[in-house]
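Chemist: I'll drop the sequence and a predicted model, then ask my questions.
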Amino acid sequence: MGIAALQHFFTPSSVAVVGASTKPGKVGYRVLESLVRGAGGAAGSAPSCNRRIYPVNPHAPEILGLRCYPTVLAIEEPVDLAVVVVPAPAVLEVVKQCGDKGIDSAIVISAGFKESGPEGVERERQLADQARAQGTRVVGPNCLGIIATSSGLNASFAPVFPNRGNIALMSQSGALATAVIDWSVQHNIGFSKFVSFGNGVDVGVVDLLRAWEDDPETSVIVAYVEGLPNGPEFMEVTRQVSYKKPVIMVKSGSTQAGARAVSSHTGSLAGSEQAYTAAFLQSGVIRAHSVEELFDFAVAFAYQGPPKGRQVAVLTNAGGPGIMATDALERAGLRLASIDPATVAQLRGCLPEASNFYNPIDVLGDADAERYNSAADAVLRDPDVQAVVALLTPQAVTEPKQTAEGLAQLATASDKPVLASFMGGEAMREAIEILTANRVPNYPYPERAVEALAAMASYREWLEEPQDEIPRLSTDIAAVEAVFARARGEGRVNLGEMEAQEVLRAYGFNTPASKLARTAEEAAQFGEAIGFPVVMKIVSPDILHKSDIGGVRVGVQDAQQAQDTFELMMLRARRFMPNADLRGVSVQELVRGGKEVIIGSSRDPQFGPLVMFGLGGIYVEVLKDVSFRVAPFGPRQARKMIEEIRSAALLWGTRGERPSDIDAIVTCLLAVSQLVSDHPDIVELDINPLKVGEPGAGAVAVDARITIQEAAEVRSAV
Ligand code: ADP
Ligand code: MG
């Protein structure tokens, strides 16, 4: 399904406004007026073409000189699009009539649906059912409407018509959308299409992404979303679309946390924010953190191509801003390009002696346009420079206008992106207009230019990265199901260490040899069999964190100690948790050395299974130094999860630390990814710690816990 599927929303030949009003203050009047005026002479927009417009109002003979119809059914000609502005209780009937009239597309602007309480929720459900049953595509309800600049369509009550451009915008919030249009006109930014989809009863983010995927008028897709109904579908479609054009999103509002009892480390660390971050990352979405950033990025992508790499030259006529830009560069993961000796020689030819010829290149405060642009020219030709951030502050002899003209020319001629920050108000106004008109984005502060450039660099890398192939490991699914069935049979959903390790073994994990001792004598005997020193741990489905009650002892040396430890642990457990179901004490092989990491999983209501990685131990919840991905994923993402945590250096083996077996961690992450994808009834899982040895030595899951759903689910077909 491409743009054709939603074509009547953007290029209708005829539009009915149901609920057109005679009163200028009313939305039903304003929408009609918008449609009649169309582009209304907005810069670069097509004039309102010969679109037929039919007001529908049973009580008025005509509005704005157009004949009114009592219902859509009374209109003699075919109608492509209906804009519905009647009060909420009348919407369903109107939509039915649209169906009878054969109208396949409707924008429901009316409010009074899911946003307004239980009655509205029911009304919205009926609208959804009705629209689906009769095959009408619906945008809304509770929205601002649609604008398509190239066809001069304004089917909205936005007060101004935006300029024509190549950014397509979708917004869940109508109010935000009006603010954005207003602002865009002021800053000379143009849109191809604009959809406020409100409650999104039918047409939503995924449909619009599909519609704009191959839209020749759109080169950048920008979205403001508050929630997503179908995470996996969203990820699949965005992944596909963002290979064709940048998709920039701001996600606001947190989804309800839900009163779910969380019993694992992972569960307490994995919120919806983590899920969105992971999902966006895995599907190529460029994430903005504010509406300001959304458009900072959008303009950069709309005007300039992404850089070939992260090497940036900063050009400035003042020291301070140059340093600010340099700091921002580092924070954003970009690098100052090293300037080629030939370029330095060239710069020496055109700059005064006191200038800085190395990055950041400072042409000094007394630079005129000619000096500034000769330097810009030299820098843009430098083979190591992949992008230029051009800063200008107004000083005594600065020539903002001429500098902008020259820089714009150079930027147009070069295939390297140039982002500007000409700082100042009135003194820079004209210069900034020249830059923008020539598609050189300008930012009020250097940091914002740098952030935008960094977003472009990441996008380029994403485009070039080979697909992450998801491997299929050979596993024993039936063994896992048997463990789950046994626990459910005992009325339990929490699997303790021994059961969880059994599950992990079925997915290729190494676990320490262990045996459950029910008596002190058995403990001693098993210790001999495994080989002292051993580890002893209390075993009870009711005890989640064994160390908390003194239920773990590492380094039990001999048979006598094993017996004593058994007695002591049972005694303590009975004292601290008198009602716990005590099964005994496990005697376990002691795994020496290595680093302790945590691998966990929890289930996100939007995106499904999330997998977490971090350095293990008791501080994990305090330090929150963890990374997440939506499962299933492949080895590339697994490796990135490891690289992403702040303390990753401890695993590479720097500063006297011994290196760890990264490949083994990757394998374990992939195994967990597959385990939780194969078994949707796993609610939470913690492997804490996974002990990781030196390269080649592998990893051992010395502790694990799993929580499952009460009832088994049908396994997803993989
Ligand atoms: P808890 O339920 O308290 O998390 P664990 O089984 O994780 O219990 O044990 C606590 C700590 O003891 C682990 O973090 C690890 O440092 C150490 N430990 C546990 N089992 C072993 C083992 N088999 N070999 C070596 N150390 C272990
Ligand atoms: Mg543990």
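Modeler: Structure received. Residues are numbered from 1 along each chain as shown. Ligands and ions are numbered 1, 2, ... in the order given.

Chemist: can we go C-alpha only for contacts and neighbour counts from here?
Modeler: Will do.

Chemist: after the host helix or strand of Ser673 comes which helix or strand?
Modeler: Assessed by DSSP states H and E, Ser673 sits inside helix 662-678. Later in the chain than helix 662-678, the nearest helix or strand by DSSP H and E is strand 682-692.

Chemist: pLDDT below threshold where in the stretch 151-300 of the chain?
Modeler: Counting by pLDDT under 70, the stretch 151-300 of the chain shows low-confidence ranges at 253-264, 266.

Chemist: now do the contacts for whichever residue of the stretch 51-200 of the chain sits closest to ligand 1.
Modeler: Closest contact between the stretch 51-200 of the chain and ligand 1, by CA to the nearest ligand atom, is at Gln172 (43.5 Å). Taking CA atoms under 8 Å, 6 or more residues apart in numbering, we find Gln172 in contact with 143, 196-200, 224-226.

Chemist: can I get the residues you listed in CSV including distance to ligand 1?
Modeler: Formatted as CSV, the contacts of Gln172 follow (distance: CA to the nearest ligand atom, whole Å):
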residue, distance to ligand 1
Cys143, 50
Ser196, 49
Phe197, 47
Gly198, 46
Asn199, 44
Gly200, 45
Tyr224, 41
Val225, 39
Glu226, 37
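
Chemist: if any of those residues are buried, put those into a PyMOL selection.
Modeler: Here is the PyMOL selection string for the buried members of these, based on 16 or more other CA atoms under 10 Å:
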select buried, resi 143+196+197+198+199+200+224+225
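
Chemist: quick check: the gap between Ala513 and Val700.
Modeler: Going from Ala513 to Val700 by CA to CA, to the nearest Å gives 10 Å.

Chemist: I'd like to know which elements whichever strand or helix holds Ala155 is packed against.
Modeler: Assigned by DSSP H and E, Ala155 falls within strand 153-156. Helices and strands touching strand 153-156, as assessed by 3 or more CA pairs under 8 Å, 6 or more residues apart in numbering; DSSP states H and E, comprise helix 27-37, strand 145-148.

Chemist: so which of those gets nearest ligand 1?
Modeler: Ligand 1 lies closest to strand 145-148 among those, at 54.2 Å (CA to the nearest ligand atom).

Chemist: can you name every helix or strand that that closest one contacts?
Modeler: Here strand 145-148 touches helix 7-10, strand 105-108, strand 153-156, strand 190-196, going by 3+ CA pairs under 8 Å, 6+ apart.

Chemist: avg pLDDT for stretch 124-133?
Modeler: Averaged over stretch 124-133, pLDDT sits at 97.

Chemist: buried residues of it, list them for me.
Modeler: Buried residues in stretch 124-133, counted by 16+ other CA under 10 Å: 124, 127-128, 130-131.

Chemist: please apply the same query to stretch 155-163.
Modeler: In stretch 155-163, counting by 16+ other CA under 10 Å, buried: 155-158, 160-163.

Chemist: start and end of that stretch, how far apart?
Modeler: Stretch 155-163 has an end-to-end distance of 15 Å (CA to CA).

Chemist: stretch 192-207 too?
Modeler: 17 Å.

Chemist: what helices or strands is the one helix or strand Phe301 maps to leaning on?
Modeler: Counting by DSSP H and E, the element that carries Phe301 is helix 291-303. If you count contacts as 3+ CA pairs under 8 Å, 6+ apart, helix 291-303 packs onto strand 163-171, strand 220-225, strand 247-251, strand 286-288, helix 446-464.

Chemist: and those as CSV, adding distance to Thr11?
Modeler: Converted to CSV, these look like this (distance: least, CA to CA, whole Å):
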stretch, distance to Thr11
strand 163-171, 15
strand 220-225, 19
strand 247-251, 23
strand 286-288, 29
helix 446-464, 31
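
Chemist: would you map the strands across the stretch 301-450 of the chain?
Modeler: Under the criterion DSSP state E, counting those that start in this stretch, the stretch 301-450 of the chain contains strands at 311-316, 335-336, 361-362, 387-392, 418-422.

Chemist: against Arg472, how distant is the residue of the stretch 51-200 of the chain closest to ligand 1?
Modeler: Separation of Gln172 from Arg472 (CA to CA): 38 Å.

Chemist: with Gln7 instead?
Modeler: Taking CA to CA as the measure, Gln7 and Arg472 are separated by 41 Å.

Chemist: and those two? Which one has more around it.
Modeler: Ranked by neighbour count (other CA atoms under 10 Å), Gln7 and Arg472 place Gln7 first, with 14 against 11.

Chemist: quick one: pLDDT of the more buried one?
Modeler: pLDDT for Gln7: 94.

Chemist: distance check, it against ligand 1.
Modeler: 57 Å (CA to the nearest ligand atom, to the nearest Å).

Chemist: gap between the helix holding Phe301 and the chain center?
Modeler: Distance, stretch centre to chain centre, for helix 291-303: 16 Å (CA atoms, centre = their mean, to the nearest Å).

Chemist: the closest residue to Glu430 other than its chain neighbours: how many residues sit nearby?
Modeler: Among residues not flanking Glu430 along the chain, Lys401 sits closest, at 6.3 Å (CA to CA, 6 or more residues apart in numbering). Lys401: 19 surrounding residues under other CA under 10 Å.

Chemist: contact partners for Lys401?
Modeler: By CA under 8 Å, 6+ apart, the neighbours of Lys401 are 428, 430-431, 434.

Chemist: go through these and name the one nearest ligand 1.
Modeler: Here the nearest of the contacts of Lys401 to ligand 1, counting by CA to the nearest ligand atom, is Met428; it sits at 60.3 Å.

Chemist: tell me the pLDDT of that closest one.
Modeler: At Met428, the model reports a pLDDT of 95.

Chemist: wouldn't it be in contact with Pro400 here?
Modeler: Yes. Met428 is within contact range of Pro400, at 6.2 Å (criterion: CA atoms under 8 Å).

Chemist: quick one: common contacting residues for those two?
Modeler: Pro394.

Chemist: those two - which one has more neighbours?
Modeler: Pro400 (23 against 19).

Chemist: okay, now the unreliable bits of the stretch 1-150 of the chain?
Modeler: The model of the stretch 1-150 of the chain has pLDDT under 70 over residues 1-4, 39-49.

Chemist: how does it look with 80?
Modeler: Residue ranges of the stretch 1-150 of the chain with pLDDT under 80: 1-5, 39-50.

Chemist: swap in the stretch 601-718 of the chain?
Modeler: Within the stretch 601-718 of the chain, the ranges that satisfy pLDDT under 80 run 616-622, 654-657, 712-718.

Chemist: in it, what residue lies closest to ligand 1?
Modeler: For the stretch 601-718 of the chain, CA to the nearest ligand atom, closest residue to ligand 1: Asp703, 4.3 Å.

Chemist: OK, contacts around that residue?
Modeler: Contact analysis of Asp703 by CA under 8 Å, 6+ apart lists 497, 501, 687-690.

Chemist: now swap in Phe10 and tell me
Modeler: Residues counted as contacts of Phe10 (CA under 8 Å, 6+ apart) are 146-148, 151, 153, 193.

Chemist: now distance to ligand 1 and neighbour count too, for these, in a markdown table please.
Modeler: Formatted as a markdown table, those follow (distance: CA to the nearest ligand atom, whole Å; neighbours: other CA atoms under 10 Å):
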| residue | distance to ligand 1 | neighbour count |
| --- | --- | --- |
| Ile146 | 55 | 24 |
| Ile147 | 57 | 31 |
| Ala148 | 58 | 25 |
| Ser151 | 63 | 22 |
| Leu153 | 62 | 30 |
| Lys193 | 54 | 26 |
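
Chemist: picking that back up, quick one: which of the helices and strands packed on helix 291-303 is nearest Met612?
Modeler: Smallest distance to Met612 across those (CA to CA): 20.3 Å, for strand 286-288.

Chemist: what packs against the closest one?
Modeler: Counting by 3+ CA pairs under 8 Å, 6+ apart, strand 286-288 packs on strand 247-251, helix 291-303.
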